[in-house]
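Can you look at this prediction? I've put the sequence above it.
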Amino acid sequence: MRNKLFILLFSLLGYSVISDAQYYEDAFRFSNTNYGLGSTARMQGIGGAQVALGGDISSAVSNPAGLGFFNKSVFVFTPSIDFRNANTNFSIFRSDGIESYGSEETFKNNFNFANIGTVVNFGKGRFTEDRFKGGSLAISISRNSTYHLNRNYEGPNGYNSIVDNILQEAGTTPVDNLSELGYAAYDQFLITPVTDGYGAFVGGYPIQRERIKERGSHYQLNIAYGGNYDDIFYFGGGMGVQILNYRQERYYQEFDFLQGGSDLDSLNAIYVDNEFSVRGSGINFNVGAILRPVPFLSIGASYTSPSFISLDEESFLDMEADWDAGTSYTEEVDGDQVTYDLGNIDPYQSDLFVNQYRLRTPSKIGLGAALFVGKSGFLSGDIEMVDYGRANLNSDDFSTSDDNDIINEIYEPVINIRVGGEYRFDKLRLRAGYAFFPDPIKNSSLLDRENITAGFGYRTLDYFIDFAVVTSKYQIEAVPYFISENQPLATSDINNTTVSVSFGFNF
């Protein structure tokens, strides 16, 4: 199944992951938001299962109808820290099996704020006889995603090099029309024009090494209102302003060209550094309702519109071929013989590329139910439906048709599941939960994402403190380039632990 995916991506793209931005990846990266990340520690502790619950500032994102449960105003802020490690395995994906070459572990910690904001209550008092009991307005900032991650891998590749990818891409394209990576390879004398296309100076196969560093975050400014009708029906709506920044740095190397029984002594190494950053802003809307037909049961539904995000990208590419001192190459230029000293050529540095594009993320539908056991606690469960294949890109600077084709081909609808509960003992609260997020890539063999959560809290009439721990496991993949056979592949097992503390003050 995975081989079919590689063939599809190569046939649609035909270029290197290192050399060109993969906008279909951006479409998923910036669409894959999780309101649980930006919830209070209380909601994080129950797995994020909050569509049918209220009385928490997190409802501004998950279901604004929950704001109708407030009967007083509150200020809340939630500092959070992520402990993330990646165990990355390098392998060659062959038609007859996978050759694995060991793994490398990396760590990255990140301090952030899951949310901060206030809820202002406009209720009519607890003893009003009006059926409309009033409502509450929430203004908050919450985290949708975090991108802090380091991955490293290294291993021998006895089948191909990035130069093979460049030759495959170049075909018979004139030098002036080569991709940025292709022209960089030509500038560094890794490829040269021949009668039927291009030839390579590289005669052996390398050890490959790459370091991938990601940074950034995706936050949302929320303005939402929820109302209460007769303590039975709660309704609400809101607006979210998206604010995101993302940066990726990929440092790729090939060296020791001894694999496959060939040794090219004059070429010591190839270095490719590719960096790109994306900043964006956008808007979405959400509406929701909660029905409480009997005191021990509530049923909730929410709808979040697509986010319409405008994105600005900057990127550049550096390449250096490390040749032995004294290595030379002679060619005929306008009838004259010209000799180049390869040991003294300058590294290739691209211009700074600036692109603007727009992303429409998929909408989300949430359904939930909560069962209350008197004043002893509750059990809550949610499902969230998202079709990542509905994401769409467009730009005035470049064609997005290939990327939109890939989005439609490889992504599919998923149903995310969240369950959790709370036990109350006087002023103390104990919580636990579980969340399941299926991989949205069709025919994927990657592990689905699972969250196991736990927490506790202490509440008084004037203030509250909540604590939560969320452990998460999932897998992601990276390739240095696409090749038609014997694909190099780096698979990372990600383990993340998030510790959050919410401080709330009622007024």
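Nice, thanks for sending it over.

For Phe107, which residues are in contact?
Phe107 makes contact with Phe83, Arg84, Asn85, Asn150 under the criterion Cβ atoms under 8 Å, 6 or more residues apart in numbering. Where you see a C-beta, it was placed from the backbone N, CA and C, and this is true even at glycine.

Please repeat the previous calculation with a cut-off of 10 Å.
Counting by Cβ atoms under 10 Å, 6 or more residues apart in numbering, Phe107 touches Phe83, Arg84, Asn85, Ala86, Asn150.

Most neighbours among the residues you listed, which one is it?
Within the contacts of Phe107, neighbour counts (other Cβ atoms under 10 Å) peak at Ala86, which reaches 24 neighbours.

which SSE is it in?
For Ala86, the host element (DSSP states H and E) is strand 74-94.

The closest residue to Gln349 other than its chain neighbours bridge partners, please.
Spatially, and ignoring its direct neighbours in sequence, Gln349 is nearest to Asp318 (5.2 Å; Cβ to Cβ, 6 or more residues apart in numbering). Taking DSSP bridges as the rule, Asp318 bridges to Asp273, Gln349.

And Val272, how far from Thr192?
In this view, Val272 and Thr192 are 19 Å apart by Cβ to Cβ, to the nearest Å.

Could you list which residues are in contact with the closest residue to Leu430 other than its chain neighbours?
Closest residue in space to Leu430, ignoring its immediate chain neighbours: Tyr423 at 4.6 Å, by Cβ to Cβ, 6+ apart. For Tyr423, the contact set (Cβ under 10 Å, 6+ apart) comprises Val373, Ser376, Gly377, Phe378, Leu379, Arg429, Leu430, Arg431, Ala432, Phe456.

among these, which ones are buried?
Buried subset of the contacts of Tyr423 (neighbour count, 16 or more other Cβ atoms under 10 Å): Gly377, Phe378, Leu379, Arg429, Arg431, Ala432, Phe456.

Quick one: the helices in the stretch 351-500 of the chain, in order.
Using DSSP state H, counting those that start in this stretch, the helices of the stretch 351-500 of the chain run over residues 401-410.

Between Val272 and Thr192, which has more neighbouring residues?
Using other Cβ under 10 Å, the more surrounded residue of Val272 and Thr192 is Val272, with 26 against 14.

So which residues of the stretch 51-200 of the chain form helices?
Using DSSP H, counting those that start in this stretch, the helices of the stretch 51-200 of the chain run over 59-62, 162-170, 180-187.

Just name the most buried of the ones you listed.
Among these, ranked by average contacts under mean count of other Cβ atoms under 10 Å, first place goes to helix 59-62 (a mean of 33).

Contacts only, for the nearest residue to Ser39 once chain neighbours are set aside.
Excluding the flanking residues, the one nearest Ser39 by Cβ to Cβ, 6+ apart is Ser58, at 4.0 Å. Neighbouring residues of Ser58 by Cβ under 10 Å, 6+ apart: 35-36, 38-44, 48, 50, 66-67, 76, 78, 114-115, 117, 138, 140, 142, 222, 502.

And Phe28, by the same measure?
Neighbouring residues of Phe28 by Cβ under 10 Å, 6+ apart: Gln22, Thr361, Pro362, Tyr388, Gly389, Ala391, Ile407, Ile410, Tyr411, Pro440, Ile441.

out of these, which one sits closest to Phe276?
For the contacts of Phe28, the closest approach to Phe276 (Cβ to Cβ) belongs to Gln22, at 10.0 Å.

roughly how far apart are that closest one and Phe28?
10 Å.

again, but for Asp312
Going from Asp312 to Phe28 by Cβ to Cβ gives 19 Å.

what does Ala369 give?
Taking Cβ to Cβ as the measure, Ala369 and Phe28 are separated by 29 Å.

Isn't Ala370 up against Arg292?
Yes: contact status for Ala370 versus Arg292: in contact at 9.2 Å, counting by Cβ atoms under 10 Å.

Which residues are in contact with the nearest residue to Arg84 once chain neighbours are set aside?
What sits nearest to Arg84 in space, not counting adjacent residues and going by Cβ to Cβ, 6+ apart, is Asn496, at 4.5 Å. Remark: with contacts taken as Cβ under 10 Å, 6+ apart, Asn496 is in contact with 82-86, 108, 110, 146, 148-149, 449, 451, 470-474.

any low-confidence regions in the stretch 251-400 of the chain?
For the stretch 251-400 of the chain, the stretches with pLDDT under 70 are 259-265.

tell me the two of the buried ones among the contacts of Tyr423 that are most distant?
Across the buried ones among the contacts of Tyr423, the longest distance by Cβ to Cβ is 17.0 Å; it joins Leu379 and Phe456.

So for Gly300, what's the nearest residue that isn't a sequence neighbour?
Ala52 (3.5 Å).

Isn't the one you found up against Leu291?
Yes: using Cβ under 10 Å, Ala52 makes contact with Leu291 at a distance of 8.9 Å.

who has more neighbours, those two?
Neighbours were counted for Ala52 and for Leu291 using other Cβ under 10 Å; Ala52 has more, 30 against 16.

Bridged to the residue lying closest to Asn150 once chain neighbours are set aside, which residues?
Leaving aside its chain neighbours, Asn150 sits nearest to Thr106 (4.2 Å; criterion: Cβ to Cβ, 6+ apart). Beta-bridge partners recorded for Thr106 (DSSP bridges): Ala86.

where in the chain is pLDDT low?
Within the chain, the set of residues satisfying pLDDT under 70 comprises 1-21, 259-265.

if I read this right, the residue nearest to Gln349 contacts Pro347, doesn't it?
Yes: with contact defined as Cβ under 10 Å, Asp318 counts as touching Pro347 (6.0 Å).

overlap in contacts of the two?
Contact with both Asp318 and Pro347 is made by residues Ala184, Tyr271, Asp273, according to Cβ under 10 Å, 6+ apart.

follow-up on the earlier one: the residue nearest to Leu430 and Ser62: what is the separation?
Separation of Tyr423 from Ser62 (Cβ to Cβ): 22 Å.

Who are the contact partners of Asn150?
Per Cβ under 10 Å, 6+ apart, neighbours of Asn150: 84-86, 88, 105-108, 211-215, 249, 492.

got it, and Ile309?
26, 30-31, 218, 242-244, 278, 280-284, 357-361.

can you do 8 Å?
Phe30, Gln242, Leu244, Gly280, Ser281, Gly282, Arg358, Leu359, Arg360, Thr361.

Name the nearest residue to the last one, sequence neighbours excluded.
Using Cβ to Cβ, 6+ apart and skipping the chain neighbours, the partner closest in space to Thr361 is Ser31 (4.0 Å).
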